[in-house]
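In: this is a predicted model, with the sequence first.
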Amino acid sequence: MDLSRTLAGVGAALIATALLANPASAAPGDTPSTRDFGNGPERNEIAAIDGGAIDALSTRVLSAEQPAAGWSLKTRRGFPRQNRLPVWPVNPEDRSIKLGLVPYHSIAPRLNALQAASDRVSAEIVGRSAGGRDLYLVTVTAPESGAEAARQDRWRELIEEDPGAAKRDRHLRAGYKTPVWINANIHGNEWEGTDGALRVIERLSTATDAATRDFLKRSRVYVTVTNNPDGRVAGTRANGAGFDVNRDHATSSQPESRAVRDVMIATQPFLMLDEHGYTGTTLIEPATPPHGQNYEYDLYIKHALPNALGMEKAIQRLGHPETTRADIPFRDYAPGDWDDWPPIFTPMYAIYQGAVGHTVEIPLRVNNAAYDTLPVEELQRRARINTDVAAATIEAALTYADTNRGTLLADQIEQFRRGWAGEPSPVIPDGFVDGFGPEDRYATTFPRAYVIPAGTAAAARLVDHLISHDVRVTAARSDFRAGGRHYRKGTYLIDMHQPKRGLANVLLEAGRDISGLVPQMYDISGWSHGLLWGARVDSSVRSLPRVPVVKVSRAAPTGSVDAPRGRDLSLSLRDGTDVRAVNELLARGVKLRRTDAATVVVPAEARPDAAALATTLGVRFTAAPRRARGDVFDQPVVAAAVSADELFALKEMGFAVRPVSTAILNAGFDLSTVDTLIVSSGLSYPALNPAARASVDAFLARGGGVLTRGATGAAFNAAARVLPVTATAGRADANGVVSVTNEGRIVGAGSPAHSFVYSPIWFTGTGVTVEQRYGTTPLVAGHWLPTEAGTDGPAQAAGQPAVVSGTTDGGGHAVLFGTEPLFRTHPKGLYAQYARALLWTATRPA
Ligand SMILES: [Zn+2]
């Protein structure tokens, strides 16, 4: 499927607006910028097929955040740090080759040769991709002794830890090397960022002129040469696990995003570029509103706009007819056409880490249909121009960073100083930079502290996540009261007087309903670890709770077996980790019983297994009621037509899943041993051939279970006549955090009061049980407008069933989700409700 297609309606509006905003965009080969969608609407259309990469990853348990690699910038070694990179076998199938670009297997040899030839180049492995490939970080700088490197490191820390002292330090101001970071190829089939970056690396490492030498004495240039080698080789946007890495920075489910997060924290760049493609016209951020409300936006835009103008000049100087200008959304587009709202994109996330971040989109399409249909000469001509553009933007950004090193340093110091001081972000006046107006003004109020009660796997997961993002977390050393509530010793506190308070807040706050502010948004407009990750997160708005604290570098263990020996154990399915424990026990052959949809009884003799899982997963077993009965159950046999992120989440929870799709069923897939069929992506009942349809019908007739999600699932429900309800859908791009009321005993039982939606659905009809309803004012944060006729908006969804369960004509169990409990693996606190539904649908009728 062609991912370059834009969302119907929204995309058309976007293109029309871009045309209006850019009357000059009719230069030869100069088409209006278009945007590739991530795993948004198309995630309902392509069922994920198992990859070995995911199997290996699924052993990474969802409770634990592991470091991307044993890599650290902090060593006693100076520069260069010459590492002989392992060389990968030549792969003639690498999709870069047809374009005349550097295939993945050639990168390590090139970097090895450069390291041998120059004392300015260091290459390291900073992580491994989902598919197991090395992720390279190249550092280009003038040689440093161990002592000099250590001093740079102390200065970097001082800027973050004590900005006031850093500001006063003359030696730091004179001697701190300007850190700039270039990230290339995060979308695997947007290749030339890598090639442009390699060209710049080669020039910097071999140039003999005094200007370059002096530049490298003042600068450290960091390059993650390809952030997505799996996609580079395969010619895909996604990584080997099917994820769009450039949507993962708030969730960190993928090794590629974790690796660059760690690079950002370790290098603390003043400025960064994320090199993408292909928008027709080169596109260079800063973006349109809505602007992230947690930025110190004045410190950002004062550099981002002039740096973008400098990059535009640089591509004009190339002299190609295709590079006569750039689209700079802040300057050229209408609000909502290219926003910087969610922290899921690399440059937006990087702003919170102290960098002036830019997405750069190189112009000429060479991927998707173009890759297969254009003549090779034309593809290579385009790829050469794209490489020129990538290199030119990088060079221009390096020049900007060097020329403005003093103010960039002062402004990074200022960002962290405001955080420590707890100052409100300043109100930015109109005209602060050219074009800054009221539509650009976004702000939030930072609470004084967040309070996270300890003791659950969900709380530990959230705390470890925050710490891995360089958010400072402490733990109370005694019981305390705050906001009229009592908290126990060990409760986590996030004092919002800290350097990266913007990042802490953008992850934890509820967010905001921005539906009325712009006509459409590109990607998610709501997220919230505070509301969706399953941990209780309180905020203390005005005062810091008065309690002695200790710094936390890792969450305290949460698992336990709280039951007398010899007693059966009970496990409550409230979190994905609980589900994982159940699946691991079943896989070990332990006979489990379920007393209700949310409670599993573990026999006393399996106590050692339970104790081991309590330790590794942080789950809590309690004493089961005496003579607890319940039905014995097995690991369900699940056939799943689901998206890649859902498949990943299912595996995180330990479910063994057999991927299916329309094509797989049509090829004769045997449903006879399947307990539950999940349908959310890539399975169309009308598109099944007669034999496959008969097989699905027979499955339903014998009481097979069904779980559906989203529009594809709802269409399957209607076509295969699973439950007698009708689905109504909100706008395809509507998304965000919604309030829900929980009613049913399967999905509703003990679920959080919030859920996540993307293309929200609600159900009408009778003969089903309402598990969960949308709240009376459903949208808490995000963007969800009604149609032009005023239908299908949050007002119409209010109070309507969001999740229903029921019994099919064949006597099987079915659950339909109109919400998105596994979306991109972000809403961790919703996993268990999905799993409970899955286990219930897998129960054979009596
Ligand atoms: Zn891209």
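Out: Sure thing, it's come through. Numbers count the residues shown, from 1 in each chain.
In: what about Gly483, neighbour count?
Out: 13 (other Cβ atoms under 10 Å). In this view, the C-beta of every residue, glycine as well, is placed from N, C-alpha and C.
In: what of Leu544?
Out: Neighbour tally, Leu544, other Cβ under 10 Å: 16.
In: repeat for Thr777
Out: By other Cβ under 10 Å, neighbour count at Thr777 equals 12.
In: pLDDT weak spots in this structure?
Out: 1-41, 50-71, 73-75, 845-846 (pLDDT under 70).
In: what about 80?
Out: 1-42, 50-76, 844-846 (pLDDT under 80).
In: residues of it that sit close to the ion?
Out: 187, 190, 276 (Cβ under 5 Å from the ion).
In: closest to Ala210 out of these?
Out: The shortest gap between Ala210 and any of the residues of the chain next to the ion belongs to His276, at 34.1 Å (Cβ to Cβ).
In: and the closest one, bridged to which residues?
Out: Glu361 (DSSP bridges).
In: now do the same contact list for it.
Out: By Cβ atoms under 8 Å, 6 or more residues apart in numbering, His276 lies in contact with 186-187, 190, 193, 246, 359-362.
In: mind putting the residues of the chain next to the ion into a markdown table with distance to Thr324?
Out: Below are the residues of the chain next to the ion laid out as a markdown table (distance: Cβ to Cβ, whole Å):
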| residue | distance to Thr324 |
| --- | --- |
| His187 | 25 |
| Glu190 | 21 |
| His276 | 20 |
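In: mind telling me which residue of the stretch 51-200 of the chain is nearest the ion?
Out: His187 (3.6 Å; Cβ to the ion).
In: quick check: closest non-adjacent residue to the most centrally placed residue in the chain.
Out: Centroid check for the chain by Cα atoms, centre = their mean gives Asp248 as the closest residue, at 1.4 Å. The shortest distance from Asp248 to any non-neighbouring residue, by Cβ to Cβ, 6 or more residues apart in numbering, is to Ser257 (4.1 Å).
In: buried stuff in stretch 763-783?
Out: 763, 768-775, 778-783 (16 or more other Cβ atoms under 10 Å).
In: kindly report the same for stretch 745-763.
Out: Across stretch 745-763, burial judged by 16+ other Cβ under 10 Å covers 745-749, 751-752, 754-763.
In: now do the SS call for the residue nearest to Asp248.
Out: Following DSSP: H, G, I helix; E, B strand; the rest coil, the label given to Ser257 is helix.
In: next one: Val126
Out: Quick answer, by three-state DSSP: Val126 is strand.
In: that one against Thr224, yeah?
Out: Yes. Applying Cβ atoms under 8 Å, one finds Val126 in contact with Thr224, separated by 7.2 Å.
In: hmm, who's touching stretch 303-314?
Out: 271, 282, 284-286, 325-326, 328, 330-331, 356-358, 360, 392-393, 395-397, 399-400, 404, 407-408, 411, 433-435.
In: take those residues and keep only those in helices.
Out: Within those, residues falling in helices by DSSP state H are 330-331, 392-393, 395-397, 399-400, 407-408, 411.
In: quick one: buried ones out of these?
Out: If we count by 16+ other Cβ under 10 Å, the ones in helices among the contacts of stretch 303-314 have these buried: 330-331, 392-393, 395-397, 400, 408, 411.
In: for stretch 102-114, list the C-alpha coordinates in CSV.
Out: C-alpha atoms of stretch 102-114 as CSV (Å, rounded to 0.1, in the frame of the first residue of the first chain):
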residue,chain,number,x,y,z
VAL,A,102,25.1,3.7,0.7
PRO,A,103,23.7,0.3,1.6
TYR,A,104,23.7,-0.5,5.3
HIS,A,105,26.5,-3.0,5.0
SER,A,106,28.9,-0.4,3.6
ILE,A,107,28.5,2.1,6.5
ALA,A,108,30.7,0.3,9.0
PRO,A,109,33.6,-0.2,6.5
ARG,A,110,33.4,3.5,5.6
LEU,A,111,33.4,4.6,9.2
ASN,A,112,36.3,2.2,9.9
ALA,A,113,38.3,3.6,7.0
LEU,A,114,37.6,7.2,8.2
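In: okay, buried residues for it please.
Out: Neighbour counts using 16+ other Cβ under 10 Å place 102-108, 110-112, 114 of stretch 102-114 among the buried residues.
In: list just the nearest of those residues to Glu820.
Out: Using Cβ to Cβ, those come closest to Glu820 at Tyr104, 33.2 Å.
In: surely the closest one is in contact with Glu93?
Out: No. Under the criterion of Cβ under 8 Å, Tyr104 makes no contact with Glu93, lying 10.7 Å away.
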